[in-house]
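Asks: just need the structure, nothing else, for what follows:
(chains A and B)
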There are 2 protein chains.
Amino acid sequence: MALHEISTPAALIDVSRMRRNIHRMQQRMNALGVRFRPHVKTTKCLQVVSEQIDAGAKGITVSTLKEAEQFFAAGIRDIVYAVGMAPSKLGQAHALRQKGCDLKILADSVACAEAIVRFGKAHGEVFEVWIEIDVDGHRSGIKPEDDTLIAIGRTLTDGGMRLGGVLAHAGSSYDFDNDEDLSKIAEQERAGTVRAATRLRTAGLPCAVVSIGSTPTALVATNLEGVTEVRAGVYVTFDLVMHNIGVTTIDEIALSVLTTVIGHQEEKGWIIVDAGWMAMSRDTGTKRQKQDFGYGAVCNVDGEALGGYRIVGTNQEHGIVERMGGDDKNIVERFPIGSMLRILPNHACATGAQHPTYYALQEDGSVHAWPRFYGW
Amino acid sequence: MALHEISTPAALIDVSRMRRNIHRMQQRMNALGVRFRPHVKTTKCLQVVSEQIDAGAKGITVSTLKEAEQFFAAGIRDIVYAVGMAPSKLGQAHALRQKGCDLKILADSVACAEAIVRFGKAHGEVFEVWIEIDVDGHRSGIKPEDDTLIAIGRTLTDGGMRLGGVLAHAGSSYDFDNDEDLSKIAEQERAGTVRAATRLRTAGLPCAVVSIGSTPTALVATNLEGVTEVRAGVYVTFDLVMHNIGVTTIDEIALSVLTTVIGHQEEKGWIIVDAGWMAMSRDTGTKRQKQDFGYGAVCNVDGEALGGYRIVGTNQEHGIVERMGGDDKNIVERFPIGSMLRILPNHACATGAQHPTYYALQEDGSVHAWPRFYGW
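Replies: Next comes the predicted model:
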């Protein structure tokens, strides 16, 4: 298949860019002496994850048990489900472990730990549980100095479960855009998680794994003392949010949406394309950053950014492309009906999720369909 | 299946609410003496669309050719593809027509009309084409007084295609929230589209169909003189955006996302649920309306709104629920780990699109899985 044969809108992966991104991260982690466990929620695509594993990743991180099931079926055993465990999902986790999946689950409350212990005892299952640590107040987890940390650990070990370690994600790293701030939040993520591990160990509890990570902190951290593994997801393709944060250039972004021009409103300078929010997602994550790309930045069909053009508005299957600053001439001739463009996404995880298939564009110009799954 | 057996997050349809919404719209259209052609992009679900057809709908509107293919395979012949035709998709449209689908396509430029004529002549296909009319400047279409309107009509008829009618969608109706403004935009939609039809007929061109519609304008219009059919989509479930516009009460909203409490940040008043943006979509459409519901309004598991609770932040598989105004007490006891909630969506089309299945909750409490499709 060639690019012009793809029905639009379609999610394109530039394979050589993706490989560069994979190797950049893996080489960093190798140099820092930690295991790297990619978060596969970004692509949910076996072909992508196989490249991450082949490059040196050890195990994967998932955001749903469906991801765990799909990737375990494809042969990956070492999996962390990095969302606080719902008691109603313990049966699904148990079934995976029974089949031989080395699935790790999370707890950040005594109530959750108790539910895991109750289920584990009732079903003869020794779950491996990691405790989620809150290093920046952005979402879930137990603060490193909180006494509940020790209470969760004791509940699990006294209840016969395996306390495997601690896990944190400095999601607030997305709020920064310079190396100094990013380095600070990276150190905060490291130090807080290591501190939690130390407190558990001092209390006589096991804590083999110290797992941290986000794409920005993983890419700026220089000291990972006490850390055993790092997790990151969106680095595999990057996106415009990551570009605004400062960890990627525009031309390293490996995901784009191929689209076709279907109309114009010439006096307004609008080019209408068939990539609406269904193809781009409703993510407008660059709006609160230093450069607002609307629903995406426009490239020509070869993937070269057309500086200033972005999708300023979307309906379900319509995108409105406009040049920043407006006052655009000859758009009907420059972007004729039927011509193709590529749109870089704000958020690769959200845009990818809208598509059943990635079209993997190889260096020789050929295209292969790589399926991705969705749902729970 | 019963509600508590569903794995969360999951998209729930309250079937009795849905049926009331379907009948409310159909009865209005019957009383106004026009055909009603639902837009099936909202649900992409055969069980829902079958109820719309059974209630009296004539034909359907689609936003993708995949929808046309899926619903044609299920026995629906009369289909309008309501997005400007990309020349590269003419082969797909042709294949559908060859199989017996009465597919209508759109044009809003001479260039598009010429591409249709070229393809039609080359393949011996007489496409039925409707001209898209711009009644409010919100997106695509030709203004009723624009001379291009006649040029498109002549290009099509001179080229041997069938000019079937005109079509408009007053998408800007979503910007209003009172009957007076909505009535004005409804009349603007009607008058502009009828005017375009009259101009075509005066020029000696055929224009059998005058098709208009959006959920808000369809629900406030009282005069549809000259209109032959109305289209609307989101009325079938409604959502919080429609509630803010004023065309539905909260307890008529038929779509919600079932979710499980997975954690708390007690001192912040946060309840963490397993409905993140993957389950809700990234749509924050109520942000610019009179009441901002964040990523969704919280109901108890029986579907009764808990006034003031909303999802204030999301990550991929995490939602942060907070009471408006903050200062919430006893959340750990009131919303224990493992308890279920339902979240009403801002935008039913966007939220539905995130889910492979609707769980249809019947009046007797039983639940049936209704598949929905996605992609292009």
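Asks: measure how buried residue A:122 is and give me the count.
Replies: 10 (other C-beta atoms under 10 Å in any protein chain shown). Glycine gets a C-beta too; all of them are placed from N, C-alpha and C.
Asks: can you give me phi and psi for it?
Replies: The phi/psi pair for residue A:122 (degrees, to the nearest 10) reads phi -60, psi -30.
Asks: kindly report the same for residue A:229.
Replies: According to degrees, to the nearest 10, residue A:229 has phi -150, psi 160.
Asks: check the spatially closest residue to residue A:250 that is not a sequence neighbour and give its pLDDT.
Replies: Counting by C-beta to C-beta, 6 or more residues apart in numbering or on different chains, residue A:305 is the residue found nearest to residue A:250 once chain neighbours are left out, at 5.2 Å. Residue A:305 is assigned a pLDDT of 96 by the prediction.
Asks: distance check, residue A:305 against residue A:25.
Replies: 23 Å (C-beta to C-beta, to the nearest Å).
Asks: what about the two, which has more around it?
Replies: residue A:25 (23 against 16).
Asks: my guess is the more buried one meets residue A:216, correct?
Replies: No. Assessed by C-beta atoms under 8 Å, residue A:25 is found out of contact with residue A:216, at 11.8 Å.
Asks: which residue sits farthest out from the middle of chain A?
Replies: residue A:267 (39.8 Å; C-alpha atoms, centre = their mean).
Asks: secondary structure class of it, three-state.
Replies: Secondary structure assignment for residue A:267 (DSSP: H, G, I helix; E, B strand; the rest coil): helix.
Asks: dump the residue contacts of the residue nearest to residue A:17 when sequence neighbours are not counted.
Replies: Computed as C-beta to C-beta, 6+ apart, the closest residue to residue A:17 that is not its neighbour in sequence is residue A:254, at 3.8 Å. By C-beta atoms under 8 Å, 6 or more residues apart in numbering or on different chains, the contact set of residue A:254 is A:13-15, A:17-18, A:21, A:236-238.
Asks: is chain B within reach of stretch A:203-222?
Replies: No. In terms of C-beta under 8 Å from any C-beta of the partner chain, no part of stretch A:203-222 sits within range of chain B; the closest distance is 11.0 Å.
Asks: give the buried residues for that stretch.
Replies: Residues A:205, A:207, A:209-221 are the ones in stretch A:203-222 that count as buried (16 or more other C-beta atoms under 10 Å in any protein chain shown).
Asks: what's the closest of the residues you listed to chain B?
Replies: Among these, residue A:214 lies closest to chain B (C-beta to the nearest C-beta), at 11.0 Å.
Asks: please tell me I have it right and that closest one contacts residue A:171.
Replies: Yes. Applying C-beta under 8 Å, one finds residue A:214 in contact with residue A:171, separated by 6.3 Å.
Asks: point out where chain A drops to low pLDDT.
Replies: Under the criterion pLDDT under 70, no range of chain A is flagged.
Asks: domain assignment for it?
Replies: Following the TED database, one finds the domains of chain A at A:3-9+A:247-371, A:33-233.
Asks: what about the first one, distance to the chain center?
Replies: On the basis of C-alpha atoms, centre = their mean, to the nearest Å, domain A:3-9+A:247-371 sits 20 Å off its chain's mean C-alpha point.
Asks: just to revisit the earlier point, and the residue nearest to residue A:250, how far from chain B?
Replies: Residue A:305 sits 23 Å away from chain B, going by C-beta to the nearest C-beta, to the nearest Å.
Asks: against residue A:354, how distant is that residue?
Replies: For residue A:305, the distance to residue A:354 - C-beta to C-beta - is 22 Å.
Asks: could you do residue A:211 as well?
Replies: With C-beta to C-beta as the criterion, residue A:211 and residue A:354 are 29 Å apart.
Asks: and the helix of greatest length in chain A, what does it pack against?
Replies: Taking DSSP state H as the criterion, chain A has its longest helix at helix A:179-202. Contacts defined by 3 or more C-beta pairs under 8 Å, 6 or more residues apart in numbering or on different chains; DSSP states H and E place helix A:179-202 against strand A:128-133, helix A:148-158, strand A:162-168, strand A:209-212, helix A:215-220.
Asks: quick check: angle from that helix to helix A:148-158?
Replies: 50 degrees (axes from the mean of the first three to the mean of the last three C-alpha atoms, to 10 degrees).
Asks: show me how far helix A:179-202 is from its chain's centre.
Replies: 21 Å.
Asks: send me that helix as PDB with only the CA atoms.
Replies: Taking C-alpha atoms only, helix A:179-202 is exported to PDB below (Å, rounded to 0.1, in the frame of the first residue of the first chain):
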ATOM      1  CA  ASP A 179      14.800  22.100  31.800                       C
ATOM      2  CA  GLU A 180      15.200  23.700  35.200                       C
ATOM      3  CA  ASP A 181      11.600  23.100  36.300                       C
ATOM      4  CA  LEU A 182      11.600  19.700  34.700                       C
ATOM      5  CA  SER A 183      14.800  18.700  36.500                       C
ATOM      6  CA  LYS A 184      13.300  19.800  39.800                       C
ATOM      7  CA  ILE A 185      10.100  17.700  39.300                       C
ATOM      8  CA  ALA A 186      12.100  14.800  38.100                       C
ATOM      9  CA  GLU A 187      14.200  14.900  41.300                       C
ATOM     10  CA  GLN A 188      11.000  15.300  43.400                       C
ATOM     11  CA  GLU A 189       9.600  12.200  41.700                       C
ATOM     12  CA  ARG A 190      12.800  10.200  42.400                       C
ATOM     13  CA  ALA A 191      13.300  11.400  45.900                       C
ATOM     14  CA  GLY A 192       9.700  11.000  47.100                       C
ATOM     15  CA  THR A 193       9.500   7.500  45.700                       C
ATOM     16  CA  VAL A 194      12.800   6.400  47.100                       C
ATOM     17  CA  ARG A 195      11.800   7.900  50.500                       C
ATOM     18  CA  ALA A 196       8.600   5.800  50.500                       C
ATOM     19  CA  ALA A 197      10.700   2.700  49.700                       C
ATOM     20  CA  THR A 198      13.100   3.500  52.500                       C
ATOM     21  CA  ARG A 199      10.300   4.000  55.000                       C
ATOM     22  CA  LEU A 200       8.800   0.600  54.100                       C
ATOM     23  CA  ARG A 201      12.100  -1.100  54.400                       C
ATOM     24  CA  THR A 202      12.900   0.600  57.700                       C
END
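Asks: so which bits of that helix are buried?
Replies: Buried residues in helix A:179-202, counted by 16+ other C-beta under 10 Å: A:181-183, A:185-197, A:199-200.
Asks: likewise stretch A:118-132?
Replies: Quick answer for stretch A:118-132 (16+ other C-beta under 10 Å): A:119-120, A:125, A:127-132.
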